[in-house]
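Participant: The amino acid sequence is not available; the structure is as follows:
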C-alpha cells in the first residue's frame with residue numbers, strides 16, 4: 001500500500017490544576033491509502049473523521 005500520511009513524535013500535555021498531564025508522548029503512526037482515521041476530542045465540536 002501507499003503511505004499518504006506520516007505522523008511522527010506527536011506530543012500533547014494538559015495542565016490540571018498544578019499538575020502537568022502528558023496525554024501523548026512521542027506518538028508515531030502512518031496512514032495507508034484506503035484506511036480510515038478518526039480523531040476524537042473532549043467535546044463534540046472537536047471531533048473529526050477523515051476518510052483517506
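Facilitator: Happy to help now that I have it. Since we're looking at a predicted model, the values are computed, not measured.

Participant: CA only for contacts and neighbour counts going forward, please
Facilitator: OK.

Participant: who's the residue nearest the centre of the chain bridged to?
Facilitator: The residue lying closest to the centre of the chain (CA atoms, centre = their mean) is residue 39, at 5.9 Å. With DSSP bridges as the criterion, residue 39 is bridged to residue 48.

Participant: From residue 12, how far out is it?
Facilitator: Distance of residue 39 to residue 12, given as CA to CA, to the nearest Å: 14 Å.

Participant: what do you get for residue 22?
Facilitator: Distance, residue 22 to residue 12, by CA to CA: 6 Å.

Participant: cool, residue 37 as well?
Facilitator: From residue 37 to residue 12 the distance is 19 Å (CA to CA).

Participant: From residue 12, how far off is the residue lying farthest from the centre of the chain?
Facilitator: Farthest-out residue of the chain from its mean C-alpha position, per CA atoms, centre = their mean: residue 18, at 24.7 Å. Using CA to CA, residue 18 is found at 16 Å from residue 12.

Participant: Wait, residue 26 touches residue 7, no?
Facilitator: No: with contacts defined as CA atoms under 8 Å, residue 26 does not count as touching residue 7, sitting 9.8 Å away.
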